[in-house]
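Peer 1: can you look at this prediction? I've put the sequence above it.
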Amino acid sequence: MINKADKDIIGNLATGNVFRPISHQDVIYLLNRHPFIQIINPHGYFSEDLTPQVTDSPTGWKIIRYGNDIICSSLGRFILDDGNEPLFMKSIIDGTTDSEDIDKQPMSPPGKGTIIKQTHDVTVEIINLALNSKWNAVELVDGSPLFKQMLWLICEEKGLNLKGYEPNEELKSKAKLEEEQRRKKSVAQQEEAPIISPT
């Protein structure tokens with residue numbers, strides 16, 4: 001959901017009511033709370049008449065494809081109020097949205113795990129779509145920092161060359177460590193799950 005910190009940063013950026021300099025960390029914070037990714041097949045064919053194909057991801061996010069060579073995704077409707085995002089954003093900036101209304105806005109689809117897990121799951125889906133379309137490389141057009149890291153990790157796992165993004169060594173180490181911890185947790189949860197035998 002959009003919390004008070006998000007509201008304050010968005011409102012201050014939009015209205016110019018900045019009481020302290022906007023830091024790099026403020027921007028990274030907002031980007032990671034509202035992840036998005038845009039990738040292309042660097043060897044693909046791009047025409048002007050590409051019609052978007054929207055797929056519902058099991059995470060509840062939308063994956064949008066333009067032909068076989070452009071894929072993008074984000075939290076979409078979960079970022080802001082479902083139905084009228086511009087009006088909702090204006091009400092945040094104007095200060096006319098009740099704080100209870102803001103707290104009710106879903107930050108991500110419920111029951112699908114943390115935003116980090118959802119970002120990972122959507123990245124896996126996107127890369128699988130690319131592989132099914134016979135991509136042999138991925139080029140990053142744009143994305144939020146968390147999504148870029150996930151994209152790099154999954155491309156490394158799948159043996160896909162990633163163009164347009166190379167994390168620094170610190171991020172590589174951190175991302176690999178987080179991925180290993182996530183895997184261990186997933187394995188532990190599977191081992192704890194009760195085995196149901198057919199009757």
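Peer 2: Happy to help now that I have it. In this text, all values refer to a predicted model and were calculated from it rather than measured experimentally. Numbering: from 1, shown residues only.
Peer 1: in the chain, what helix or strand scores lowest on average pLDDT?
Peer 2: The weakest-scoring helix or strand in the chain, judged by mean pLDDT, DSSP states H and E, is helix 99-104 (a mean of 43).
Peer 1: now do the helices in the protein.
Peer 2: 4-15, 24-33, 85-94, 99-104, 115-132, 145-158, 169-192 (DSSP state H).
Peer 1: weakest of those by average pLDDT?
Peer 2: Lowest mean pLDDT within the helices of the chain: helix 99-104, a mean of 43.
Peer 1: what's across from the closest residue to residue 141 other than its chain neighbours in the sheet?
Peer 2: Once flanking residues are discounted, residue 141 sits nearest to residue 38: 4.1 Å by Cβ to Cβ, 6 or more residues apart in numbering. The way it works is simple: take the backbone N, C-alpha and C, and place the C-beta from them, glycine included. For residue 38, the beta-bridge partners under DSSP bridges are residue 72, residue 142.
Peer 1: nearest spatial neighbour of residue 113, chain-adjacent residues omitted?
Peer 2: Of all residues not flanking residue 113 in the chain, residue 121 sits nearest, at 7.6 Å (Cβ to Cβ, 6+ apart).
Peer 1: ok, the one you found - contacts?
Peer 2: The contact partners of residue 121, by Cβ atoms under 8 Å, 6 or more residues apart in numbering, come to 57, 58, 59, 112, 113.
Peer 1: where neighbours are concerned, which of the residues you listed has the most?
Peer 2: When neighbours are counted by other Cβ atoms under 10 Å, residue 59 leads these with 21 neighbours.
Peer 1: distance of the residue nearest to residue 113 from residue 48?
Peer 2: Relative to residue 48, residue 121 is positioned 32 Å away (criterion: Cβ to Cβ, to the nearest Å).
Peer 1: how close does the residue nearest to residue 113 get to residue 147?
Peer 2: As judged by Cβ to Cβ, residue 121 and residue 147 stand 12 Å apart.
Peer 1: what is the neighbour count of the residue nearest to residue 141?
Peer 2: Residue 38 has 16 nearby residues by other Cβ under 10 Å.
Peer 1: and the pLDDT at it?
Peer 2: Looking at residue 38, its pLDDT reads 94.
Peer 1: surely it and residue 139 touch.
Peer 2: No: here residue 38 does not reach residue 139: they are 9.7 Å apart, not a contact under Cβ atoms under 8 Å.
Peer 1: the residue lying closest to residue 28 once chain neighbours are set aside: neighbour count?
Peer 2: In space, and not counting its chain neighbours, residue 28 is closest to residue 145: 5.7 Å by Cβ to Cβ, 6+ apart. The tally of other residues near residue 145 (other Cβ under 10 Å) stands at 15.
Peer 1: again, but for the one 10 residues further on
Peer 2: A total of 21 residues lie near residue 155 under the criterion other Cβ under 10 Å.
Peer 1: which residues sit in contact with it?
Peer 2: 127, 138, 161, 162.
Peer 1: tell me the spacing between the closest residue to the last one other than its chain neighbours and residue 22.
Peer 2: It refers to residue 162. For residue 162, ignoring the flanking residues on the chain, the nearest one in space by Cβ to Cβ, 6+ apart is residue 155 at 4.2 Å. Between residue 155 and residue 22 the computed distance is 31 Å (Cβ to Cβ).
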